[in-house]
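Engineer: Would you be able to build a 3D model of this:
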Amino acid sequence: MSRLRAALPLILLLLAGIVLFASGSLDELSPQRLLAHQSELHAQIDAHPWLSRMAYLGLLTLTVSTGIPGTIVVILAGGFAFGVFDATVYSSAGLMLGSLILYLASRYAFGAGSRQPPAIVARLHHGFERHPVSYTLFLRFVPIMPFGAVTVALAWLRCPLWLFLGASWLGGTITLIFETSIGAGLGDAMSQSDSFGFALLMHREVLLPLGAIALLALLPLVIERVVRRHRQLRRRDD
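Structural biologist: Numbers count the residues shown, from 1 in each chain. Now for the predicted structure:
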């Protein structure tokens, strides 16, 4: 019974995410829907600048804290609606609040961590114990890894709160700059095109931030390879 009570906050977050995802509400934030109602959207934002931004902040906090896969849709919509700078600022705040809620709920659910962790976490555990800072930064700087899954994994690994917050802010914000740029670029590209398809990705406003995210995904792998080679050279010298 005590385990169920400890897991209740995490269970409620997961259920809220399932309900939100299954409701289809995030479909309203698709690029096609946003473009179709672009004038009304920006009119509402101009009429209620702070309310619209707080609503966006709340929605992103909710999606991140529940760990559902639709977070990227919300972030792209933020770039489309508010532009790169404002969307990055509010997305960063929502990302931090949501990830903190999910992290604390997971830590509370997992308790002291004495129980056997899932297989994916067990594989990470050895490397994390040896290099906690570099390992946490690595996980946060790979944009293709689900943000919510990494948050839960770091909670299982009992990552210190200060390290979790610092890595989440740094890795998340850098990725957000490119993701909101894609959202803003989609708005510009779709205003020049009658259809939504692969050709939109070839516009400079979209292609450049997409390329930057691809390079960002490869960066930790390059760094890991350089560090590994450096260690091998040191062992040979020794």
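Engineer: now residue 26: how far from residue 183?
Structural biologist: 14 Å (C-beta to C-beta, to the nearest Å). Yep, even glycine has a C-beta here, placed from its N, CA and C like the rest.
Engineer: of those two, who's got more company?
Structural biologist: Neighbours per residue (other C-beta atoms under 10 Å) separate residue 26 from residue 183, with residue 183 holding more: 28 against 19.
Engineer: you'd agree that one is up against residue 72?
Structural biologist: No. Under the criterion of C-beta atoms under 8 Å, residue 183 lies out of contact with residue 72, with a separation of 9.4 Å.
Engineer: which non-adjacent residue is nearest residue 96?
Structural biologist: In space, not counting the residues next to it along the chain, residue 96 is nearest to residue 169; the distance is 5.9 Å by C-beta to C-beta, 6 or more residues apart in numbering.
Engineer: Which other helices and strands does the strand or helix carrying that neighbour contact?
Structural biologist: Taking DSSP states H and E as the definition, one finds residue 169 inside helix 161-190. Other helices and strands packing on helix 161-190, by 3 or more C-beta pairs under 8 Å, 6 or more residues apart in numbering; DSSP states H and E, are helix 31-36, helix 71-82, helix 84-110, helix 132-140, helix 147-156, helix 204-237.
Engineer: rewinding a little: what score does the residue nearest to residue 96 have for pLDDT?
Structural biologist: The confidence metric pLDDT takes the value 86 at residue 169.
Engineer: pLDDT below threshold where in this protein?
Structural biologist: Where the chain drops to pLDDT under 70, the residues are 1, 112-131, 133-135, 137-145, 186-228, 230-238.
Engineer: switch the cut-off to 90
Structural biologist: Scanning the chain for pLDDT under 90 picks out the ranges 1-11, 14, 16-42, 67-73, 75-77, 79-81, 83-85, 87-88, 107-238.
Engineer: what helices or strands is whichever strand or helix holds residue 19 leaning on?
Structural biologist: Under the criterion DSSP H and E, the helix or strand holding residue 19 is helix 2-23. Helices and strands in packing contact with helix 2-23 are listed as helix 49-66, helix 84-110; criterion 3+ C-beta pairs under 8 Å, 6+ apart.
Engineer: Output those helices in TSV; the columns should cover distance to residue 161 and mean neighbour count.
Structural biologist: Putting the helices and strands packed on helix 2-23 into TSV (distance: least, C-beta to C-beta, whole Å; neighbours: other C-beta atoms under 10 Å) gives the following:
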stretch	distance to residue 161	mean neighbour count
helix 49-66	16	19
helix 84-110	8	21
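Engineer: Give me the residues contacting stretch 87-105.
Structural biologist: When contacts are defined by C-beta atoms under 8 Å, 6 or more residues apart in numbering, stretch 87-105 is touched by residues 9-10, 13, 53, 56-67, 75, 78-79, 81-82, 147-148, 151-152, 154-155, 161, 164-165, 168-169, 172-173, 176-177, 179-180, 183-184.
Engineer: What number of neighbouring residues does the residue nearest to residue 26 when sequence neighbours are not counted come out with?
Structural biologist: Nearest non-adjacent residue to residue 26, counting by C-beta to C-beta, 6+ apart: residue 70, 4.3 Å away. The local packing count at residue 70 equals 16, with neighbours defined by other C-beta under 10 Å.
Engineer: so what's residue 70 up against?
Structural biologist: Under the criterion of C-beta under 8 Å, 6+ apart, the contact list for residue 70 reads 20-21, 26, 63.
Engineer: Now it, what are its backbone angles?
Structural biologist: Note on residue 70: backbone dihedrals following degrees, to the nearest 10 are phi -90, psi 10.
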